[in-house]
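**Q** What follows is a predicted structure for the sequence shown.
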There are 2 protein chains.
Amino acid sequence: MAAASDPTRRAILARLAEGPASVTDLARPFRMTQQAVSKHVACLERARLIQKRREGRLRVCTLNPEPLEQIAGWAEGFRELWTANFRRLDALLDDLAKDKSKPERHPRKK
Amino acid sequence: MAAASDPTRRAILARLAEGPASVTDLARPFRMTQQAVSKHVACLERARLIQKRREGRLRVCTLNPEPLEQIAGWAEGFRELWTANFRRLDALLDDLAKDKSKPERHPRKK
DNA sequence: CTAATACACAACTATTCGGTTGTGGATTCA
DNA sequence: TGAATCCACAACCGAATAGTTGTGTATTAG
């Protein structure tokens, strides 16, 4: 999932969502070197977010949907939990305000 | 979105999905210092994934659902382009565990 | 064959990042 | 009041990361 946190890699994913592309196709819009983009592509491939196949001297990249579904599911899980909690938010805030009876640790040094 | 790519911060989000918590509450499960967790919380707050309010000497954190919906929507956009071929979502936690790949420590110069 | 294209490997660099220690302000408790 | 608790600011450190240049290799074009 860290692979999807870089803006360049997200742009690459967005481009591939429109269809397959070679590495140099992917590199063209960016103001960085071919090698830098090649590294991003390799990163996405390691994370299995994309796949690469040879086609002559081209490396054609395609999107791999399954891990993206996992990301979607992850964030969606939070949304569902939160909306469930929202209904009883008042009760939770009340509990927290009264729940100060816990003994704590964390001494000081000086 | 990079804010959600760190495992510690994902754990914090997961904790907050169950309800509000103070910073020290959030720090307790981790084997790092309070200051380190405080930084993670600040990071999540900057990304507006959470909110913090004062309550006596406590800083109570709550989840902010909208940006998480954006993440879900972002990944969902990709998914929709491919749902003709896929409908499985079984290995959700599988990927969170294997997060890391293996870059090598550099050999020698030429 | 030769030249050009497409791509990746290796080494280096600068910046970011996750963590630390040290400290001090604010608040609450006894 | 004074001690303890909660929390963040600052300075620092090592590792990871995103970029660079330089080069090598396979493939296609002429």
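**A** Noted; the coordinates are in hand.

**Q** Would you map the helices across chain A?
**A** A:7-17, A:23-27, A:34-46, A:65-86, A:89-98 (DSSP state H).

**Q** Can you tell me which of those has the worst average pLDDT?
**A** Note on the helices of chain A: lowest mean pLDDT is at helix A:89-98, with a mean of 29.

**Q** Neighbours of the closest residue to DNA strand D within chain A, how many?
**A** Residue nearest to DNA strand D within chain A: residue A:56 (2.8 Å; C-beta to the nearest atom of the strand). (Glycine included, C-beta is placed from N, CA and C.) Burial measure for residue A:56: 7 neighbouring residues, criterion other C-beta atoms under 10 Å in any protein chain shown.

**Q** repeat for residue A:58
**A** 14.

**Q** likewise residue A:26?
**A** Taking other C-beta under 10 Å as the criterion, the count of residues near residue A:26 is 23.

**Q** what's in contact with stretch A:22-35?
**A** The contact list for stretch A:22-35 (C-beta atoms under 8 Å, 6 or more residues apart in numbering or on different chains) reads A:8, A:11-12, A:15-16, A:36-38, A:41, A:52, A:55, A:58-61.

**Q** Next, the buried residues of that stretch.
**A** A:22-23, A:25-27 (16 or more other C-beta atoms under 10 Å in any protein chain shown).

**Q** Reformat those residues as TSV; add distance to residue B:47.
**A** Listed next are the buried residues of stretch A:22-35 as TSV, based on distance: C-beta to C-beta, whole Å:
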residue	distance to residue B:47
A:22	34
A:23	31
A:25	32
A:26	27
A:27	29
